[in-house]
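sequence and computational prediction follow.
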Amino acid sequence: MALHSCQVTCIPLRETVRCKLIKNFTSKETIHHNKISLIGTESVGMACAISIVLKGLSDELAFVDVDECKLKGETRDVQHGSSFMKMPDIVFNKDDHVTAKPSLVIITAGAHSGKGETHLDVVQRNVSIFKLMISNITQCSPQCKMIIVPNPLNAFSQNRIIGSDCNLDATRFHFFVGQRLISIHSESCHGWVLGEHRDSSVPEWSGVNIAADLTESILKNLRKMHPVSTITKGLCRINENGIANLTKIKLIPEEEVYLRKSAERLWEIQEEIKL
């Protein structure tokens, strides 16, 4: 009698339970239409993450950080809380491969200013960090769009790199204008802050008006105007492709003088950076 060998396949217990409880009608993997990759789980990064989850802006959120303990702890908190939100998939890894194929990459990781350090010292350290970080991200996602929180911006495709600094400054500006006018909500205050994200920034008082965010504008293709930092020059309209176009702002002579001084200050910093 011929003996027939048979191969025994070991099926993990979890898969066995899944087969008993769930009947699949398709074998296709889930396609994530709006994936956001968040680099950095410090306070700024986690504030961004909570805002994204609360607004339900994506169907996958991927966290990356070099500090594995902090990465796991912070991500677990968001995962546990996501049961009450519209965020089905939250993943994390120390390796940049988890960021692959996102709609948007948000970078909040960067150097912190130490005691006695100048702005140039911090920018220089960020340049060193970004060299490796941006290279790894673009290898995994060559067509991705990026929102950069730390300085400086990377010399990447103009429409795909967006700095959040001026947008943040403008939001603060709206808050203080609303406070001064009393009983006016900051959402109803409009005006821009231009130039450097530091002492030489220029509030555009001549354009302030009273009437009635970056990730939402991109993912929902809202085509809203935002005062972002970018390699192009002007007020930018943001849509699903990143920076769609820019609009020139009319400044009064005094504002133009201050803006030129701010630009000169930024140029001085760039000239001193060692690449």
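Received it, and whenever you're ready, just let me know what you need. Residues are numbered from 1 along each chain as shown.

pull out the buried positions in the longest helix anywhere in the chain.
Counting by DSSP state H, the longest helix found in the chain is helix 119-140. Using 16 or more other CB atoms under 10 Å as the test for burial, helix 119-140 gives 122-127, 130, 133-134, 136-138, 140. (Each C-beta comes from the backbone N, C-alpha and C, glycine too.)

got the residues you listed as TSV, with distance to residue 241 and pLDDT columns?
Output for these, formatted as TSV (distance: CB to CB, whole Å; pLDDT from 0 to 100):
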residue	distance to residue 241	pLDDT
122	31	76
123	28	76
124	32	79
125	31	80
126	26	78
127	27	80
130	23	80
133	23	82
134	19	81
136	23	84
137	18	83
138	17	82
140	20	83
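
mean pLDDT per helix and strand in the chain: which one sits at the bottom?
strand 209-210 (a mean of 42; mean pLDDT, DSSP states H and E).

show the subsequent helix or strand relative to that strand.
Remark: after strand 209-210, the chain's next helix or strand is helix 214-219, criterion DSSP states H and E.

buried set for that following helix?
Buried-residue list, helix 214-219, by 16+ other CB under 10 Å: 214-215, 217-219.

and stretch 75-90, by the same measure?
Under the neighbour-count criterion of 16+ other CB under 10 Å, stretch 75-90 has 75, 78-79, 87, 90 buried.

now do that stretch: everything it contacts.
30, 32, 41, 46, 49-50, 52-54, 56, 58-63, 91-92 (CB atoms under 8 Å, 6 or more residues apart in numbering).

the residues you listed in helices, which ones?
Those of the contacts of stretch 75-90 lying in helices (DSSP H): 46, 49-50, 52-54.

from the residues you listed, which has minimum pLDDT?
Within the ones in helices among the contacts of stretch 75-90, residue 54 has the lowest pLDDT, namely 82.

let me see the domain layout of the protein.
What the record gives for the chain is the domain set 35-156, 166-272, from automatic domain parsing.

which residues of the stretch 51-200 of the chain score low on pLDDT?
Within the stretch 51-200 of the chain, the stretches with pLDDT under 70 are 86-88, 119-120, 150-171, 173-174, 177-178, 181-200.

now do the strands in it.
60-64, 90-93, 104-107, 146-148, 161-163, 189-190, 193-194 (DSSP state E, counting those that start in this stretch).

the first one vs helix 119-140, what angle?
If you take axes from the mean of the first three to the mean of the last three CA atoms, to 10 degrees, strand 60-64 sits at 130 degrees to helix 119-140.

and strand 60-64, what does it pack onto?
On a contact count with 3 or more CB pairs under 8 Å, 6 or more residues apart in numbering; DSSP states H and E, strand 60-64 meets strand 35-39, helix 43-55, helix 68-81, strand 90-93.

just the CA atoms of the first one, as PDB, please.
So the one you mean is strand 35-39. Coordinates of each C-alpha in strand 35-39 appear next as PDB, following Å, rounded to 0.1, in the frame of the first residue of the first chain:
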ATOM      1  CA  LYS A  35      -4.000  58.200   5.300                       C
ATOM      2  CA  ILE A  36      -2.100  60.700   7.400                       C
ATOM      3  CA  SER A  37       1.400  60.000   8.700                       C
ATOM      4  CA  LEU A  38       2.500  61.900  11.800                       C
ATOM      5  CA  ILE A  39       6.200  62.200  12.500                       C
END
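
which parts of the helix or strand containing residue 244 are buried?
Here residue 244 sits within strand 242-247, counting by DSSP H and E. Within strand 242-247, the residues that count as buried by 16+ other CB under 10 Å are 242-243, 246.

contacts only, for the closest residue to residue 39 other than its chain neighbours.
Leaving aside its chain neighbours, residue 39 sits nearest to residue 107 (4.6 Å; criterion: CB to CB, 6 or more residues apart in numbering). Applying CB under 8 Å, 6+ apart, we find residue 107 in contact with 39-40, 133, 146-150.

could the residues you listed go into CSV alongside distance to residue 269?
Formatted as CSV, the contacts of residue 107 follow (distance: CB to CB, whole Å):
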residue, distance to residue 269
39, 23
40, 22
133, 20
146, 21
147, 21
148, 16
149, 17
150, 14
